[in-house]
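Asker: Return a 3D structure for these sequence lines:
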Amino acid sequence: MKNRLNTGGAAKKIALVGIAAATIECGKLALAFLPNVEVVTLLTALYGYVFGLYGVLASAIFVCIEPLIWGVNTWIVLYFVYWPLVSIVFLVFGKIGLKNRWLLASAAVLLTAFFGFLSALIDVGLFSGYFDNFLYRFSIYYLRGIPFYIAQIVTNAFLFHLLFEPLAQKLGIIKKRFIF
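Answerer: Numbering: from 1, shown residues only. As a prediction, the model looks like this:
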């Protein structure tokens, strides 16, 4: 029976990447009505942690889907840098066997804070050049976003602390049984 479940390994991996990318996109769309409340960080981290490079690939495909829905703007640069980075960081945590709930949640909080910083850096720099009063414009732009960054950080701290470990265990069971 086990051999029959493991047949079609390449097809299963392609399906895994597609399903993972789709759940990231669906999770984002489902919460789009709530400002900066999101599950994209949790899902990209989980997929990188459990599925390794396939999770990174799913996050990259998610990023490729986004401009088809929302169009292209400066945020696309941020997405191509940030979301695969989240997957890669958690891929490393998965490879070293890090399971501490507090450390994983802390990493998510730091990455989420970095998202706000990087977002402001890209938006201010790409809209009007890096050298013309950059620090002044950046500080205003960043300070304006603080309430949104706080909402995103608090959401991710809560979600990671509560859901990361049980979801990683369930995904690990799926990985062992059906995929790898």
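Asker: can you give me the strands for this protein?
Answerer: Here the chain has no strands by DSSP state E.
Asker: Could you pull out the helices in the chain for me?
Answerer: 2-5, 9-30, 40-51, 53-70, 75-96, 101-128, 134-144, 146-159, 165-174 (DSSP state H).
Asker: Identify, out of these, the most deeply packed stretch.
Answerer: helix 40-51 (a mean of 26; mean count of other C-beta atoms under 10 Å). In this view, the C-beta of every residue, glycine as well, is placed from N, C-alpha and C.
Asker: and that one, what does it pack onto?
Answerer: Other elements packing on helix 40-51 under the criterion 3 or more C-beta pairs under 8 Å, 6 or more residues apart in numbering; DSSP states H and E are helix 9-30, helix 53-70, helix 75-96, helix 101-128, helix 146-159, helix 165-174.
Asker: now these in CSV, with mean pLDDT?
Answerer: CSV is the format used below for the helices and strands packed on helix 40-51 (pLDDT from 0 to 100):
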stretch, mean pLDDT
helix 9-30, 95
helix 53-70, 97
helix 75-96, 96
helix 101-128, 91
helix 146-159, 95
helix 165-174, 96
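Asker: Next, format these as CSV and append distance to Ile140.
Answerer: Shown next, in CSV, are the helices and strands packed on helix 40-51 (distance: least, C-beta to C-beta, whole Å):
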stretch, distance to Ile140
helix 9-30, 28
helix 53-70, 25
helix 75-96, 18
helix 101-128, 9
helix 146-159, 11
helix 165-174, 38
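Asker: Of the ones you listed, which is nearest Asn36?
Answerer: Nearest of the helices and strands packed on helix 40-51 to Asn36, taken as C-beta to C-beta: helix 146-159 at 4.0 Å.
Asker: outside of the closest one, which residues touch it?
Answerer: 35-39, 41-42, 105, 108-109, 112-113, 115-116 (C-beta atoms under 8 Å, 6 or more residues apart in numbering).
Asker: redo that, cut-off 6 Å
Answerer: Asn36, Val37, Thr41, Leu42, Ala105, Ala108, Val109, Thr112, Gly116 (C-beta atoms under 6 Å, 6 or more residues apart in numbering).
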